[in-house]
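Engineer: please work out how this folds:
(one chain, ligands or ions: 1)
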Amino acid sequence: MRILLTGAAGGVGTRLRKLLPPIYPDLVLSDLKTPADLASSEEFIRADLSDLSQVKTLVEGIDGIIHLGGFSVEGSWETILNANIIGTYNLFEAARLAGVKRVVFASSNHAVGFYPRSTTIDTHDLLRPDTRYGVSKAFGEALGAMYAYKHNIGVLAIRIGNVGEKPLDERRLAIWLKTEDLVSLCRIGLEREGLIYEVVYGMSDNKRAWWDNSRALELGYRPTGHSENYADEVLAADAPAGDPIAAFFQGGPFCADEFTGDPATVLKP
Ligand code: 15L
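Structural biologist: Just a heads-up that it's a prediction; the model follows:
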C-alpha cells in the first residue's frame, strides 16, 4: 500500500513517521513546512491542504491516508475554517477523485470535551465539542461518514486523547495514547477488512479512562500502554486545575477557554 501521512511535521506526525516505514515502506509525508529532521530516505511533498489543486496532486497514486494535517489546538475561526474544515474537505474530495481506498482521520477528544470527567462515554454519545477546533473535528467525522457510505472510502475516525512519551498530568492519565498504540489503530483503519465507517477513542489501556473503547477492541485493538504505570510520578508533579470548568470537564482547559456560560447550569454530573 502506498500511504500518505499528512501533518508529518507536527508533534504527532513526527512521532508516527518514525514507526511507520517498517510497516508501510511506500510512505509519503506531507505538511505545510518541511520536517526539520527529514531523512534522505523519506519522501516528502509540501502541500497546502486548503488548496484543492495541491491536494489533488498530493493524493495521486495513494491507497490509504493518515490525515493528521491541520491546526491541532483552538484557533481563530479563519484559521480553523481554512486548515481544518476546508483542508479536511479537500482531503476527502481529492481522495474520492483519486480512488483512495482508506482514510484514517485524526479526530480529537475535543469533539466531546463537554462531558464531565465523572461520566463514561462511548462513541454513541452525542458530540459535545468544546472549541471551534473540536467543532472542526466533529465536522471531519461527519464528512468521513458521508464519504464512507456514499463514495466507498473506508474511514476510521480516531478521537485522539494525548500522544506522547508518557502522560503529562492528571487529566492525561485518562486520555494518554502511546505512539505504538496509535500505529495499531491506524493499521485497523488502513487494513481491517470490510471497514466502512468507525469512530474509536485514541487512548491506551488507561485505568482512569472516562471513555468506553469497546468498539476499538471489537475491531481488534489491543493497546499496550498503561498510563497507571506513571500515575505516582504524574500526580506528585501535577498542580490541580484552578479553573472549575477546566477541572470538571473532560476537555479541561479547552472548555474553560473563552467560557462565558453559567457555571451553575453546566457543572452538573
Ligand atoms: C488535542 O486535540 C491537541 O491536539 C493536543 O495538543 C492536546 O492538547 C490534546 O488535545 C489534549 O486534550 O491534551
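
Engineer: and the residue of the stretch 151-269 of the chain that's closest to the ligand?
Structural biologist: Closest residue of the stretch 151-269 of the chain to the ligand, Cβ to the nearest ligand atom: Asn162 (3.8 Å). For glycine as for every other residue, the C-beta is placed from the backbone atoms N, C-alpha and C.

Engineer: immediately after the longest helix along the chain, which helix or strand?
Structural biologist: Across the chain, the longest stretch assigned as helix under DSSP state H is helix 132-151. Once helix 132-151 ends, the next helix or strand along the chain (criterion: DSSP states H and E) is strand 154-160.

Engineer: any idea of the mean pLDDT in that following strand?
Structural biologist: Mean pLDDT, strand 154-160: 99.

Engineer: need the residues that contact the helix or strand just after that strand.
Structural biologist: Sequence-wise, the next helix or strand downstream of strand 154-160 (DSSP H and E) is strand 162-163. Under the criterion Cβ atoms under 8 Å, 6 or more residues apart in numbering, residues 11-12, 15, 109, 168, 172, 175-179, 182, 202 lie in contact with strand 162-163.

Engineer: again, only this time at 6 Å
Structural biologist: Residues from elsewhere that reach strand 162-163 (Cβ atoms under 6 Å, 6 or more residues apart in numbering): 12, 172, 175-177, 179, 182.

Engineer: check whether the helix or strand hosting Ala236 contacts the ligand.
Structural biologist: For Ala236, the host element (DSSP H and E) is helix 231-237. No. Using Cβ under 6 Å from any ligand atom, helix 231-237 stays clear of the ligand, with a minimum separation of 13.2 Å.

Engineer: mind saving the C-alpha coords of that helix as CSV?
Structural biologist: The C-alpha atoms that make up helix 231-237 are tabulated as CSV, following Å, rounded to 0.1, in the frame of the first residue of the first chain:
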residue,chain,number,x,y,z
ALA,A,231,0.4,7.8,38.0
ASP,A,232,2.6,8.3,41.1
GLU,A,233,5.1,10.4,39.2
VAL,A,234,2.4,12.4,37.4
LEU,A,235,0.3,13.1,40.5
ALA,A,236,3.3,14.1,42.6
ALA,A,237,4.2,16.8,40.0
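
Engineer: got the contact list for the helix or strand following that helix?
Structural biologist: Next along the chain after helix 231-237, taking DSSP H and E as the criterion, comes helix 244-248. Helix 244-248 is contacted by residues 116, 241, 252-253, 255-256, 259, 267 when judged by Cβ under 6 Å, 6+ apart.

Engineer: one more pass at 7 Å, please.
Structural biologist: Residues outside helix 244-248 that contact it (Cβ atoms under 7 Å, 6 or more residues apart in numbering): 116-117, 240-241, 252-253, 255-256, 259, 263, 267.

Engineer: these: which two are farthest apart?
Structural biologist: The largest separation in those, counting by Cβ to Cβ, is between Pro240 and Phe259 at 18.0 Å.

Engineer: more crowded one of those two?
Structural biologist: The neighbour count for Pro240 versus Phe259, taken as other Cβ atoms under 10 Å, is higher for Phe259 (16 against 9).

Engineer: who are the packing partners of the helix holding Ala236?
Structural biologist: The contact analysis (3 or more Cβ pairs under 7 Å, 6 or more residues apart in numbering; DSSP states H and E) places helix 231-237 against helix 170-175.
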